[in-house]
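# got a structure for you, letters missing:
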């Protein structure tokens, strides 16, 4: 009997798909790190989303584990190197929630450019601040996309539908549709909007920093719906308060929840619109993520 443990919520249809196989013993319950360490002595497949951190110490305590499935895009909550050392395969669903994240990215762009969040708050506070909320169109502006994977490509398609010119930087991609693939400094210099769609690793940590912001256009709008830590948030705060950066739309933060002094100051700025890491949090996206993860696991197990 192959035992599968799901430690974070998974779509009911995906659960039913896994449980329909009589040779699989499927459990679904969020366990603490200590509880999970004990459970992994009897588990062959572990499925998580972003909440569970599968670090080296947890992996090293496993005895039967053969597969770790991440129902989502990023793998930064899993120690992939430690898993590889133990011969554990790590799988994810990079494209399943791409549309959800791409749509939120465009939503953050529009809200940042048109003061939607501030206008809404002002109205709810009984203030009619129409004259101070003159914004900018996306039409005929240049969008720079850093990372042209599944999500970056969905963003590009939607941005072009708004009449934007799209640039992209990705060391692994040479061309895509009508996107102009450029070097990073060229993207910084030419973009009116910049959006990140990259994993967090040594190469991307603080990719947006004081130096890179200095290379950008005055009045640039920066969007991050990828991973916290890809932006140096102190440098972003300084850019926003100096006027170099016109506005920012943030769905992710280096510290989550963002409750320390720096991020509290950042979120207090009127030219910042923010959401609590909800890029993939749509009913449709989570259904696709769950079902795709279940199908990948079943295929790996030979079902």
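Okay, I see it. None of these values were measured; they are calculated from a predicted model. Residues are numbered from 1 along each chain as shown.

# gap between stretch 252-260 and the chain center?
Chain-centre distance of stretch 252-260: 14 Å, with CA atoms, centre = their mean, to the nearest Å.

# Residue 240 touches residue 234, doesn't it?
No. Using CB atoms under 8 Å, residue 240 is not in contact with residue 234; the gap is 10.9 Å. The way it works is simple: take the backbone N, C-alpha and C, and place the C-beta from them, glycine included.

# So which of those two has more stuff around it?
Taking other CB atoms under 10 Å, residue 240 and residue 234 do not tie; residue 240 has more neighbours (20 against 16).

# Give me the secondary structure label for that one.
Three-state assignment for residue 240 (DSSP: H, G, I helix; E, B strand; the rest coil): helix.

# ok, it - contacts?
247, 248, 266, 269, 271, 272 (CB atoms under 8 Å, 6 or more residues apart in numbering).

# Tell me which entries of the residues you listed lie within helices.
residue 266 (DSSP state H).

# Just flag the most distant two among the contacts of residue 240.
Within the contacts of residue 240, two members stand farthest from each other by CB to CB: 247 and 266, at 12.2 Å.

# if you count what's nearby, which of these two comes out ahead?
Taking other CB under 10 Å, residue 247 and residue 266 do not tie; residue 247 has more neighbours (27 against 21).

# State the distance from that one to residue 145.
Distance check for residue 247 against residue 145: by CB to CB, to the nearest Å, it reads 18 Å.

# thinking again about what came up before, need the overlap of contacts for residue 247 and residue 266.
Residues touching both residue 247 and residue 266 by CB under 8 Å, 6+ apart: 240, 272.

# How are the helices of the stretch 1-150 of the chain distributed by residue range?
For the stretch 1-150 of the chain, the helices defined by DSSP state H, counting those that start in this stretch occupy 12-19, 33-39, 56-61, 80-85, 98-114, 116-124, 150-161.

# Which stretches in the stretch 201-303 of the chain count as helices?
For the stretch 201-303 of the chain, the helices defined by DSSP H, counting those that start in this stretch occupy 210-214, 233-242, 261-268, 283-300.

# List the contacts of the longest one.
Residues outside helix 283-300 that contact it (CB under 8 Å, 6+ apart): 4, 10-11, 13-15, 17-18, 21, 45, 47, 49, 67, 69-72, 89, 91, 93, 96-97, 99-101, 280.

# Among those, the buried ones, what's the ChimeraX command?
Selecting only the buried entries of those in ChimeraX, with 16 or more other CB atoms under 10 Å as the criterion:
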select :4,10,11,14,15,17,18,45,47,49,67,69,70,71,72,91,93,96,97,99,100,101,280
